Structures are given as C-alpha cells and as structure tokens.
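Novice: Provide a 3D model corresponding to the input given below.
(2 chains)
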Amino acid sequence: EDKVVQSPLSLVVHEGDTVTLNCSYEVTNFRSLLWYKQEKKAPTFLFMLTSSGIEKKSGRLSSILDKKELFSILNITATQTGDSAVYLCAWGSGNTGKLIFGQGTTLQVKP
Amino acid sequence: EPEVTQTPSHQVTQMGQEVILRCVPISNHLYFYWYRQILGQKVEFLVSFYNNEISEKSEIFDDQFSVERPDGSNFTLKIRSTKLEDSAMYFCASNRQGKDEAFFGQGTRLTVV
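Specialist: Alright, predicted model coming up:
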C-alpha cells in the first residue's frame, strides 16, 4: 500500500530556531513530492519536487528530495510565530493528479 | 491572484439528506479534485475529474457520491444520502495539468446531525 509518513507529528520551538521536517514515502509510480502549509483551512502550496538532490528555496523555507532513499525534508530557518501551522507532505501520482497526503507535522513557534 | 472558491463555507444537514457542495476552480485549469479531511485526520483523496469525466476515484468515493461540471465554471460534489461519518471538511482543488501543483479552495465544513 502506498503511504507517506511525516515526522515528527508535532514540534514546539521558539522564534529564531531552525526546524527540519521529514517526509518519507513508499509509493509506486512516483511523479512528484509536494509540500503544503495548512493554517486554518486550505492547504497552501509551498514546493513541488520531482528531481533528486535539487534544493528548492523560497525565503526562509527550503526543501530537498532524495529519490533513492525515498524521503524529503522541509527546512525553515529563523522561524517566526507566523510559521505556526500544519505542514503537509503529499505524493503526486501518475497522470490523474491525485495527491496522497501524510498525516502532517504541527509546528508551533513561540515568541 | 486567481483562487479556487467554494460555497458554502459551512453546511449543517440532517442524516439521510442530500447535499451539494460547490466549487469554482481557477479559470484556465483543466483538472479538478475533491478531497476530504475528517477532524484531526489526514487529507484524503476522493476523486479527480478531467475532460468531463472521472479519471480516478478512491474507495471512499462510493455510489453515494457523484461529481458534475454543470457549466463552464462550477464543479460540484453531491452526497446523495448523508451519514454521520460524512462530517468533514471538503476541499476542492484544481490544476492546469495533472502533473502540476494543485491549488486548494478554503473548504466546506459539512456537519451531519
């Protein structure tokens, strides 16, 4: 059965800390690995990774994929309280665009 | 910036009633999806829709569920006879091509009583 596992499930840090969120997957027909941020309602898109070893970066957030070891990490440097959210990792499969989500990591950044 | 819009934001219905959740995907997108998230659980795929037909559906998407694109802009999810366990947040999403990142609407919280 295809699955996406995220760790840790929850994390509490202080502003200014750096965090690393993990996502491992065991899937067939891999196409892409996506990261989303879910604050109150809708998941908002952060990154999509398809190639191994290439880092994607946006401001203080960055992500990298290792297709051989079947995992991805999301790094957030100099965390701010506005980074508090659930971070979702999802595997994109085949041609239909279906996404299979992990259970999410709940990040709380304290002032 | 274009966005996926969903209505209503919250719907309360009695068990056994039919509900229709509505979505307006981003205008130049061709692939449409419904997902659901039961409180405290992960986001689950329900169905993908392309070229006016279902391209893939999950085991959750049984005969009680149907989707439709009744006109050029709306995309609807119908639950024929709601059950208590259908209570969840339902998200609509879309992308231009299936392999692209999907953009999600704000969701409809469905409460079945």
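
Novice: mind listing what residue 42 touches?
Specialist: By default, I'm working from chain A. B:91, B:104-107 (CB atoms under 8 Å, 6 or more residues apart in numbering or on different chains). Any C-beta I mention is one placed from the backbone N, CA and C, and that applies to glycine too.

Novice: that's the other chain; I wanted chain B
Specialist: So residue B:42 contacts A:101-104 (CB under 8 Å, 6+ apart).

Novice: Single out the residue in chain B that lies closest to chain A.
Specialist: As assessed by CB to the nearest CB, chain A sits closest to residue B:98 within chain B, at 3.4 Å.

Novice: from memory that residue sits against residue A:97, does it?
Specialist: Yes: with contacts counted by CB atoms under 8 Å, residue B:98 reaches residue A:97, the gap being 3.4 Å.

Novice: more neighbours, the two?
Specialist: Neighbours per residue, other CB atoms under 10 Å in any protein chain shown: of residue B:98 and residue A:97, the larger number sits with residue A:97, 28 against 21.

Novice: mind listing what the closest residue to chain B within chain A touches?
Specialist: Nearest residue of chain A to chain B (CB to the nearest CB) works out as residue A:97 at 3.4 Å. When contacts are counted by CB under 8 Å, 6+ apart, residue A:97 touches B:31, B:33, B:48, B:50, B:55, B:95, B:97-100, B:102.

Novice: Buried subset of these as a ChimeraX selection?
Specialist: Listed next is the ChimeraX selection for buried residues among the contacts of residue A:97, using 16 or more other CB atoms under 10 Å in any protein chain shown:
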select /B:31,33,48,50,55,95,98,99,100,102
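
Novice: Which two among the contacts of residue A:97 are spaced furthest apart?
Specialist: Greatest spatial distance in the contacts of residue A:97: B:55 and B:100, 14.6 Å, computed using CB to CB.

Novice: ok, back up a step: between residue B:98 and residue A:97, what contacts are shared?
Specialist: B:31, B:48, B:50, B:55.

Novice: give the contact list for the third one.
Specialist: Spelled out, that is residue B:50. Going by CB under 8 Å, 6+ apart, the list of residues near residue B:50 reads A:96-97, B:30-32, B:98.

Novice: In a markdown table, list the contacts of residue A:97 along with pLDDT and secondary structure.
Specialist: As requested, the contacts of residue A:97 are exported to a markdown table (pLDDT from 0 to 100; DSSP: H, G, I helix; E, B strand; the rest coil):
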| residue | pLDDT | secondary structure |
| --- | --- | --- |
| B:31 | 94 | strand |
| B:33 | 97 | strand |
| B:48 | 96 | strand |
| B:50 | 93 | strand |
| B:55 | 94 | strand |
| B:95 | 93 | strand |
| B:97 | 85 | coil |
| B:98 | 79 | coil |
| B:99 | 79 | coil |
| B:100 | 84 | coil |
| B:102 | 94 | coil |
